[in-house]
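> prediction below, plus the sequence it came from.
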Amino acid sequence: ILNVEQSPQSLHVQEGDSTNFTCSFPSSNFYALHWYRWETAKSPEALFVMTLNGDEKKKGRISATLNTKEGYSYLYIKGSQPEDSATYLCARDRGSTLGRLYFGRGTQLTVWP
Amino acid sequence: DAGITQSPRHKVTETGTPVTLRCHQTENHRYMYWYRQDPGHGLRLIHYSYGVKDTDKGEVSDGYSVSRSKTEDFLLTLESATSSQTSVYFCAISEYRVDEQYFGPGTRLTVT
């Protein structure tokens, strides 16, 4: 079992605040890191797939960075909006078992208007 | 939205009965996955498929079997359902092996 850890477990912010959360994973045998957004009563939706150390990806107000040598990724949301409220999942893809994702438990974000 | 459907969407069954969940895709993607989601756990991979008749076990495969006789359909079978298999089951697909996965709407299964 691969230990993908996410912190914090939950986060409450005011509309307009910027926020970030962390995904930690074993750095050995790394191949890719995925971020997903999961709204209540919906299905997980892909945000980013990152493979290279130092990778940075951006989609609108959401961005992510990757450090494969120390085994962490940060997800940033700039100017949070109530519609950003969701659980954010990260998942690791090992090189030896490509395509098999190991998910963390997620960070639940609530943005208050 | 990726064309993925799951059936049934909700099911209540009794311990010891067989149950089959179906995942159907219209994207012609090669890779298909079955996950379960339980409180206190992240999504956990049950089985996956990398082509017709090609399947492999995931993290929590005990008590489950799968079949894929056509590109578009991936079936998950619980041979003899147990209460520990009460969960929400998600199917996912991807075009390439290392690629973002698209998730279906989920099936809520309750085993009484």
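Here it is on my side, so go on.
> from now on I want contacts and neighbour counts done on CA atoms only, so please keep to that.
Fine.
> tell me where the chain has strands.
Picked chain A for this. All strands of chain A, identified by DSSP state E, fall at A:5-7, A:10-14, A:19-24, A:30-38, A:45-50, A:56-59, A:62-67, A:72-77, A:86-94, A:101-103, A:107-112.
> other chain: chain B
Under DSSP E, chain B gives strands at B:4-7, B:10-13, B:19-25, B:31-37, B:44-51, B:54-57, B:64-70, B:73-78, B:87-94, B:102-103, B:107-111.
> name every strand pairing with the third one and say which way it goes.
In other words, strand B:19-25. Strand B:19-25 has its sheet partners listed here by DSSP bridges as strand B:4-7 (antiparallel), strand B:73-78 (antiparallel).
> can you check the shortest one too?
Strand B:102-103 has the following strand partners under DSSP bridges: strand B:87-94 (antiparallel).
> and the fourth one, by the same measure?
Applying DSSP bridges to the sheet, strand B:31-37 is found paired with strand B:44-51 (antiparallel), strand B:87-94 (antiparallel).
> still on that earlier bit, closest one to B:R36 among the strands of chain A?
B:R36 lies closest to strand A:101-103 among the strands of chain A, at 11.3 Å (CA to CA).
> near chain B at all, the closest one?
Yes - contact between strand A:101-103 and chain B is present through A:101-103 (criterion: CA under 8 Å from any CA of the partner chain).
> is residue 20 bridged to anything, and to what?
By default, I'm working from chain A. Bridge pairing for A:N20 (DSSP bridges) gives the partners A:Y76.
> that was the other one, I meant chain B.
Per DSSP bridges, the residues bridged to B:T20 are B:T77.
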